[in-house]
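Enquirer: only geometry, no sequence info:
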């Protein structure tokens, strides 16, 4: 999908409790609608702007924006910048 991923704290270093990684996504990029069955997911925006879909809710997030995706919830995002 053209993303750059930097692993900050992989599950192998947190005893499987969580993963932290930083994505750099090209304009128009983002994953297809998908579901995680075992873990929650969060987005914290460092720069730029994305549209996040969590279930039926769609929000636009910019620098400092945050979104929580509970496990089992369909979600995706698209980078605007």
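Expert: Perfect, thanks for sending it. Nothing here was measured: the structure is a model prediction, and the numbers come from that model. Numbering: from 1, shown residues only.

Enquirer: gap between the residue nearest the centre of the chain and residue 58?
Expert: Nearest residue to the geometric centre of the chain (CA atoms, centre = their mean): residue 43, 4.5 Å. Distance of residue 43 to residue 58, given as CB to CB, to the nearest Å: 13 Å. To be clear about C-beta, it is placed using only N, CA and C from the backbone, and glycine gets the same treatment.

Enquirer: intersection of neighbour lists for those two?
Expert: Counting by CB atoms under 8 Å, 6 or more residues apart in numbering, the common neighbours of residue 43 and residue 58 are residue 52.

Enquirer: Below-threshold pLDDT in the protein: ranges please.
Expert: Residue ranges of the chain with pLDDT under 70: 1.

Enquirer: Tell me the residue in it that is farthest from the middle.
Expert: Largest centre distance within the chain, by CA atoms, centre = their mean: residue 15, 21.2 Å.

Enquirer: And that one, how far from residue 5?
Expert: For residue 15, the distance to residue 5 (CB to CB) stands at 21 Å.

Enquirer: Give me the nearest residue to the residue nearest to the centre of the chain, chain neighbours excluded.
Expert: Leaving aside its sequence neighbours, residue 43 sits nearest to residue 67 (CB to CB, 6 or more residues apart in numbering; 4.5 Å).
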